[in-house]
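Engineer: generate coordinates for the sequence data below:
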Amino acid sequence: MSSLQVTRGTRDITAPEIYYWQQLETTARQILQQAAYTEIRTPIFEATELFSRGIGEATDIVGKEMYTFNDRGDRSLTLRPEGTAGVARSYIENGLFAQGGVQRLWYMGAMFRYERPQAGRQRQFHQLGVEVLGSADARADAEAIAIASDFLQALGLTDLVVDLNSVGSAEDRVNYRQALVDYFTPFIDDLDADSRDRLTRNPLRILDSKDKRTQEICQDAPSILDYLSTDSQEHFAKVQLLLSDLQISYRLNPRLVRGLDYYTRTAFEIQSTALGAQSAVCGGGRYDRLIAELGGADVPAVGWAIGLERLVILLQQIATAPKANVDFYIVSRGEAAEIKSLAIAQILRKAGFVTELDITGSKFDKQLKRASNAEAKAAIIIGDAEIAAAQVQIKWLATGDQEAIAIADLVTHLQSN
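Structural biologist: Now for the predicted structure:
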């Protein structure tokens, strides 16, 4: 009988890798709280219609990658493949727009897409994302990019560059769409199958193709920047001005369209040269029509998402794994000592010390070796003799010094050292 194993495209996250995850999660909360962003948690599955309408029928996500199923009530549900659509639905359903002003929201959690698993890309993956709803101001775009940059830099990442583009308004893309159709039609036999299908449905998606021959053809395709209206040009120019003022390096990439249909105007990716072919660590842009398309008010918005698996790969390349810090490791042997050891562990924990209690019942030398491996500051040693004297032995592991302290004075003594 074969043993049960993790499902293809999913993975367990254990120590020491888990410490990288905890590090980036803690850093994200700090950065986002400082910028007055509020956390939002949406369901892990939603009505399929939310994603088909919000993301777009012509995208690979909706067409090929979603985990969709019917529940017992014969309702079509989908495990969320991305976070923005769910946040938009929540914004509408919970009346957040009625609060007025700008809503700065962030989320972090698991997403699901049926893709070929590879380094940094799993079928169950995790994203950190922000959504700024209620502002058409270019400062919202620049702030979102700046927050992402702050977060990545706080983690110690330096080999980063922002790819920047504008995909214009819906009106801008009408003429651009026809220009793309005119350009790609003579190459129709050379395009990959997906791109041939997109030629009539959504030719902008051809620019996002990963097929090598199609990418070659795209090199000479018309640029969206030549089809922007005056308003879109002014908005894009202001975003660039703001990024320059913030000293955030960027490069214009007119082929950058992102993989989702809801984007308007600003589109961007933050790239890392350390990730090889899968170089994008953060992606996002403006989506001024999504809220209205989902049945809400006409609310402009901008946001981004960061793939955490890829980010952990980068962290592993630049730093050793953070460790859980243990202040004191409690070693005990003997029935009375073992009973008292748990009470002492709880006392130390409530006093704010990170305390690990050895519950193996091993000999003292083995327990002390584990205390050393845990890199604790000191081992708290409790035997029957210590219990009889109402005290413990403290062995400071860095120096080897050892002292006897009354149990009643233990917390005060440790706080002073």
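Engineer: so what are the domain limits for this protein?
Structural biologist: Structural domains assigned to the chain are 17-169+229-318, 328-415, following automatic domain parsing.
Engineer: the longest one: end-to-end distance?
Structural biologist: The stretch domain 17-169+229-318 measures 13 Å between its terminal residues, going by Cα to Cα, to the nearest Å.
Engineer: and the gap between residue 319 and residue 157?
Structural biologist: 10 Å (Cβ to Cβ, to the nearest Å). Every C-beta, even on glycine, is put in place using the N, C-alpha and C of the backbone.
Engineer: who has more neighbours, these two?
Structural biologist: Neighbours were tallied for residue 319 and for residue 157 using other Cβ atoms under 10 Å; the higher tally belongs to residue 157 (19 against 12).
Engineer: and the more buried one, helix, strand or coil?
Structural biologist: Following DSSP: H, G, I helix; E, B strand; the rest coil, residue 157 is assigned to coil.
Engineer: quick one, phi psi at it?
Structural biologist: phi -80, psi 130 (degrees, to the nearest 10).
Engineer: contacting residues for it?
Structural biologist: Listed by Cβ atoms under 8 Å, 6 or more residues apart in numbering, the contact set of residue 157 reads 272, 281, 314, 315, 318.
Engineer: in a helix, the fourth one, correct?
Structural biologist: Yes - Residue 315 sits within a helix when classified using three-state DSSP.
Engineer: quick check: it touching residue 19?
Structural biologist: No - counting by Cβ atoms under 8 Å, residue 315 does not reach residue 19; the two are 9.7 Å apart.
Engineer: so where's the chain uncertain?
Structural biologist: Applying pLDDT under 70 to the chain flags residues 1-2, 56-60, 258-261, 274-278.
Engineer: on that earlier part again, so which of the domains of the chain has the densest surroundings on average?
Structural biologist: domain 17-169+229-318 (a mean of 18; mean count of other Cβ atoms under 10 Å).
Engineer: isn't residue 301 right next to residue 287, touching?
Structural biologist: Yes - with contacts counted by Cβ under 8 Å, residue 301 reaches residue 287, the gap being 5.4 Å.
Engineer: the contacts of residue 157 into CSV, with extra columns for distance to residue 132?
Structural biologist: Converted to CSV, the contacts of residue 157 look like this (distance: Cβ to Cβ, whole Å):
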residue, distance to residue 132
272, 24
281, 20
314, 25
315, 26
318, 29
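Engineer: of all these, which two lie farthest apart?
Structural biologist: Within the contacts of residue 157, two members stand farthest from each other by Cβ to Cβ: 281 and 318, at 12.8 Å.
Engineer: so which residues of the stretch 101-250 of the chain form helices?
Structural biologist: Ranges of helices within the stretch 101-250 of the chain are 138-154, 170-184, 193-201, 212-218, 230-245, based on DSSP state H, counting those that start in this stretch.
Engineer: residue 388 is nearest to which of those helices?
Structural biologist: So among the helices of the stretch 101-250 of the chain, helix 138-154 is nearest, using Cβ to Cβ, at 51.6 Å.
Engineer: about what we covered before: make a markdown table out of the helices of the stretch 101-250 of the chain and add distance to residue 325.
Structural biologist: Formatted as a markdown table, the helices of the stretch 101-250 of the chain follow (distance: least, Cβ to Cβ, whole Å):
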| stretch | distance to residue 325 |
| --- | --- |
| helix 138-154 | 19 |
| helix 170-184 | 52 |
| helix 193-201 | 50 |
| helix 212-218 | 48 |
| helix 230-245 | 38 |
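Engineer: now the strands for the stretch 201-350 of the chain?
Structural biologist: Remark: strands assigned in the stretch 201-350 of the chain by DSSP state E, counting those that start in this stretch are 250-252, 264-272, 280-286, 301-307, 328-332.
Engineer: contact partners of the first one?
Structural biologist: Just to be clear, that refers to strand 250-252. 161, 162, 163, 164, 165, 225, 240, 243, 268.
Engineer: can you pull the contacts of the residue lying closest to residue 354 once chain neighbours are set aside?
Structural biologist: The shortest distance from residue 354 to any non-neighbouring residue, by Cβ to Cβ, 6 or more residues apart in numbering, is to residue 327 (4.6 Å). Residue 327 makes contact with 348, 353, 354, 355, 376, 377, 378, according to Cβ under 8 Å, 6+ apart.
Engineer: so the first one sits against residue 414, correct?
Structural biologist: It refers to residue 348. Yes - counting by Cβ under 8 Å, residue 414 is a contact partner of residue 348 at 7.4 Å.
Engineer: what do the two both touch?
Structural biologist: residue 328.
Engineer: on that earlier part again, for the domains of the chain, give me CSV that also has distance to residue 202.
Structural biologist: What follows is the domains of the chain, written out as CSV (distance: least, Cβ to Cβ, whole Å):
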stretch, distance to residue 202
domain 17-169+229-318, 4
domain 328-415, 53
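Engineer: wait, which of those domains is closest to residue 5?
Structural biologist: Once those are compared by Cβ to Cβ, domain 17-169+229-318 is nearest, at 13.7 Å.
Engineer: quick one on the thing from earlier: wait, which of the contacts of residue 327 is closest to residue 37?
Structural biologist: Distance ranking of those against residue 37, using Cβ to Cβ, places residue 354 first at 28.9 Å.
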